[in-house]
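Undergrad: let's see this in three dimensions:
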Amino acid sequence: MSSSSTERPAAEVTPSRRSFLSVDRGGLVRLGVAVAFAVAALLSPVVGATSAQFTDSTDVSITFVVAPEQP
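TA: Residues are numbered from 1 along each chain as shown. A predicted model of the protein is given here:
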């Protein structure tokens, strides 16, 4: 087994911590989209429903003409 003066002993080796920005960005994007959908689903009953209201009225007349049968 070889030894080097530049290597740290095994007791001094500590696992490096990952910073928040070094994590997988795709996973963060998927998490953000899922949270956005959840918030939208929770807020949709508060917003209520929308409907169209027709305020104009128009009279339309229809005439049906039936030609007599030819024998």
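Undergrad: contacts, neighbours, all on C-alpha from now
TA: Fine.
Undergrad: now the helices for this structure?
TA: With helices called from DSSP state H, the chain shows them at 25-47.
Undergrad: where are the low-confidence patches of it?
TA: Along the chain, segments meeting pLDDT under 70 span 1-16, 18, 20-22, 46-50.
Undergrad: residues near residue 51, how many?
TA: 5 (other C-alpha atoms under 10 Å).
Undergrad: no wait, residue 70
TA: 4.
Undergrad: then residue 29?
TA: Neighbour tally, residue 29, other C-alpha under 10 Å: 11.
Undergrad: distance of it from residue 23?
TA: According to C-alpha to C-alpha, to the nearest Å, residue 29 stands 11 Å off from residue 23.
Undergrad: please apply the same query to residue 58.
TA: Taking C-alpha to C-alpha, one finds residue 58 at 63 Å from residue 23.
Undergrad: then residue 17?
TA: Distance, residue 17 to residue 23, by C-alpha to C-alpha: 11 Å.
Undergrad: ok, these two, which is more surrounded?
TA: residue 23 (10 against 7).
Undergrad: that one and residue 30, how far apart?
TA: 13 Å.
Undergrad: same check on residue 63?
TA: For residue 63, the distance to residue 30 - C-alpha to C-alpha - is 60 Å.
Undergrad: cool, and residue 17?
TA: Counting by C-alpha to C-alpha, the gap from residue 17 to residue 30 is 23 Å.
Undergrad: ok, residue 55 next?
TA: Taking C-alpha to C-alpha, one finds residue 55 at 44 Å from residue 30.
Undergrad: these two: which is more packed in?
TA: The neighbour count for residue 55 versus residue 30, taken as other C-alpha under 10 Å, is higher for residue 30 (11 against 5).
Undergrad: would you mind measuring from the more buried one to residue 52?
TA: Counting by C-alpha to C-alpha - residue 30 and residue 52 are separated by 35 Å.
Undergrad: likewise for residue 24?
TA: 45 Å.
Undergrad: which of the two has more neighbours?
TA: Between residue 24 and residue 52, counted using other C-alpha under 10 Å, the more crowded position is residue 24 (9 against 5).
Undergrad: give the contact list for that one.
TA: If you count contacts by C-alpha atoms under 8 Å, 6 or more residues apart in numbering, residue 24 has none.
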